[in-house]
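**Q** let me see the structure of the following:
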Amino acid sequence: MNLQLGTVVSTIDGPSPSKFDFVVNNGSVHKGMFVELNYSEGTMICLVEELIKTNRYFERPDSVKTIGAELEKNFPTADWEFLIAKAKPLGVFYESLIKRATLPPSPGTKVFIASNENIKKFLKLEDNGLNLGSIQFHDIPLKLNLSKLLQKHLSVLAMSGAGKSFLMSVILEELQKRSDDQGKIATIVFDTHGEYTSFGEPVTNSNFVDFSANTRVVDGSKIKISVSNISPQTLSSLLSTITPVQKRELFKIISKLRSEMKSGLGPFDLITLKNEFSSLDSKTAIPLNFLVDELISLNVFGKIDDPSIFDLVKPGQLVIIDLNNIISERKKQLIVSYLSQKLFNLRRVKKVCPFALLVEEAHNFIPENTSAEFALAKPILRTIAREGRKFGASLIIVSQRPKRLDTTTLANCNTNIILRITNPYDLDHIKQSSEGLDSGTISMISALRVGEAIIVGEAISAPTFFKVRMRESMPSKHEMSMEDAAKRFVADDKTSVDEISNFL
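**A** Numbering: from 1, shown residues only. As a prediction, this is how the structure comes out:
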């Protein structure tokens with residue numbers, strides 16, 4: 001028999017099918033805890049949303065002010081202090097089904113802490129699922145079905161320092177550990193700050209698991225995009241000031257070069273494209289030369305793709321596209337846009353395996369109310385968010401500024417994992433874009449500590465608070481306090497001075 005926590009009480013507002021209060025008379029009850037009670041149609045599972053203490057002797061401010069010092073001496077005030085828990089019914093076990101509550105629980109009904117078995121069954125947890133941590137206040141691992149978590153896309157939202165990169169490392173570990181029988185997918189990470197490159201480094205410390213054998217780290221600054229594979233429309237969109245006449249001539253030249261490529265001359269690059277401008281009149285050629293020179297300066301275009309997409313997307317392989325060394329935001333946008341477009345197009349015709357595409361600092365690539373010129377990756381990432389689930393193309397967006405995220409893309413992420421957020425504008429944006437989050441749950445998000453999170457949406461039957469498990473991979477070299485960074489700088493500086501002295 002589970003621990004009895006309290007008793008349902010009658011109030012002005014309830015009990016009702018959507019909420020009720022119970023007085024706590026035993027055990028420890030916490031905000032976010034699951035409880036259960038006997039119900040006319042089975043066993044009701046509920047979530048504790050709020051806790052309130054009350055005492056009849058301290059209800060009237062005027063009385064407390066007047067005789068407050070005498071109250072505890074002359075009256076049994078401690079005997080009249082009560083802890084009231086406000087609970088939200090989530091569902092009812094009825095025979096072998098789970099149905100919603102349509103009748104209120106009766107006043108006087110005993111409330112118990114929910115059993116582990118009922119919680120696992122109600123939340124639809126799986127023994128072989130992805131283990132993200134443990135459910136708060138219950139000794140239960142949060143193991144989620146891969147398809148439910150990722151197929152309809154996932155967003156991870158948190159303020160800076162709340163632990164979102166740590167959580168994503170845990171998810172990447174779980175994807176790496178899957179066996180062939182469980183189904184392996186490819187994972188591609190657009191790593192803005194190089195936070196996940198440690199996955200590709202061999203482990204020398206026995207305290208960590210080595211994931212380097214199935215991880216490939218690609219230096220984003222060395223990526224080359226084939227000019228031959230880019231559509232004329234995409235290329236012209238990169239030339240922000242191009243005129244209709246210049247666009248027409250550019251399309252003609254690209255069409256000619258593509259025809260020559262098919263006849264056996266091979267792929268072409270921007271230099272080849274520039275050489276063709278010599279046949280144009282100077283009024284058209286000079287501006288086009290200037291515009292193409294801007295693209296050449298990005299140092300990202302070549303005759304062929306390097307690396308090839310087919311070398312990157314393999315079942316069970318983790319690919320980190322390290323964008324940390326790229327200063328140009330335009331170049332980052334271009335790389336994310338091109339690779340995402342190619343990945344999705346190949347997956348639509350099943351030429352590559354199912355994959356998950358993780359976009360760090362997603363608000364920079366899928367911003368709200370930003371023109372296409374400054375958000376080159378936004379259209380394709382939006383398309384993957386809308387249509388990817390039909391083709392086995394999953395999108396994971398990670399952001400510390402939800403307010404700046406495109407609402408349409410965020411709304412298409414059917415599962416949200418939210419760590420600590422305190423900005424009221426970000427919280428309001430999340431509430432408007434995410435189903436299953438009411439004002440009570442939103443208010444609990446700002447009180448989360450580092451490493452604590454709430455998951456809501458397709459992957460779970462009810463909003464659930466959990467503690468992220470410890471990571472098994474090596475920590476990122478960027479995970480360093482300011483004090484440690486200062487100490488390392490001084491140590492490195494001293495080493496350099498000693499080396500110069502020894503040389504001299």
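
**Q** most centrally placed residue in this protein?
**A** The centroid of the chain falls nearest to Val156 when counting by C-alpha atoms, centre = their mean (2.2 Å).

**Q** hmm, Thr415 and that one touching each other?
**A** No - Val156 is beyond contact range of Thr415, at 9.6 Å (criterion: C-beta atoms under 8 Å). No exception for glycine: its C-beta is placed from N, CA and C like everyone else's.

**Q** just to check, Leu146 is in contact with Gly183?
**A** Yes - if you go by C-beta under 8 Å, Leu146 and Gly183 touch, sitting 7.0 Å apart.

**Q** next, the buried residues of stretch 224-234.
**A** Within stretch 224-234, the residues scored as buried using 16 or more other C-beta atoms under 10 Å are Ile225, Ser226, Val227, Ser228, Ile230.

**Q** so which bits of the host helix or strand of Ile335 are buried?
**A** Here Ile335 is covered by helix 329-348, with elements defined by DSSP states H and E. Neighbour-count burial for helix 329-348, counted by 16+ other C-beta under 10 Å, picks out 330-344, 346-347.

**Q** which SSE is immediately downstream of that helix?
**A** Going down the chain from helix 329-348, the next helix or strand is strand 355-359, by DSSP H and E.

**Q** rewinding a little: show me which pair in the buried residues of stretch 224-234 is furthest apart.
**A** Using C-beta to C-beta, the two most remote members of the buried residues of stretch 224-234 are Ile225 and Ser228, lying 9.9 Å apart.

**Q** and the end-to-end length of stretch 298-310?
**A** 24 Å (C-alpha to C-alpha, to the nearest Å).

**Q** mind listing residues that contact it?
**A** 218, 221-229, 266-270, 295, 328, 330-331, 334-335, 339, 342-343, 346, 351-352 (C-beta atoms under 8 Å, 6 or more residues apart in numbering).

**Q** so where is the stretch 401-504 of the chain shaky, pLDDT-wise?
**A** Scanning the stretch 401-504 of the chain for pLDDT under 70 picks out 435-436, 478-482, 484-485, 493-500, 503-504.

**Q** at 90 what do you get?
**A** For the stretch 401-504 of the chain, the stretches with pLDDT under 90 are 401-403, 407-408, 410-411, 421-451, 457, 461-463, 474-504.

**Q** now do the stretch 101-250 of the chain
**A** Using pLDDT under 90, the flagged stretches of the stretch 101-250 of the chain are 101-102, 136, 139, 159-163, 179-183, 203-207, 227-250.

**Q** need the helices for it, in chain order.
**A** Assigned by DSSP state H, counting those that start in this stretch, the helices in the stretch 101-250 of the chain fall at 116-123, 146-150, 164-176, 232-238, 244-260.

**Q** among the ones you listed, which comes closest to Val24?
**A** Closest to Val24 of these is helix 116-123 (C-beta to C-beta; 19.4 Å).

**Q** check which residues of that closest one are buried.
**A** Asn118, Ile119, Lys120, Phe122, Leu123.

**Q** identify the residue nearest the last one in space, chain neighbours excluded?
**A** Of all residues beyond its chain neighbours, the one nearest Leu123 is Ser461 (5.1 Å), with distances taken as C-beta to C-beta, 6 or more residues apart in numbering.

**Q** next one: that neighbour from Gly108, what distance?
**A** Distance, Ser461 to Gly108, using C-beta to C-beta, to the nearest Å: 28 Å.

**Q** so which of those two has more stuff around it?
**A** Comparing Ser461 with Gly108 by other C-beta atoms under 10 Å, the one with more neighbours is Ser461, at 17 against 9.

**Q** ok, Glu276 to Gly42 distance?
**A** 75 Å.

**Q** try Val336
**A** In terms of C-beta to C-beta, Val336 sits 49 Å off from Gly42.

**Q** repeat for His193
**A** The gap separating His193 from Gly42 is 50 Å, by C-beta to C-beta.

**Q** what about Arg449, neighbour count?
**A** Arg449: 10 surrounding residues under other C-beta under 10 Å.

**Q** next secondary structure element downstream of the one helix or strand Asn416 maps to?
**A** For Asn416, the host element (DSSP H and E) is strand 415-418. Next along the chain after strand 415-418, taking DSSP H and E as the criterion, comes helix 424-433.
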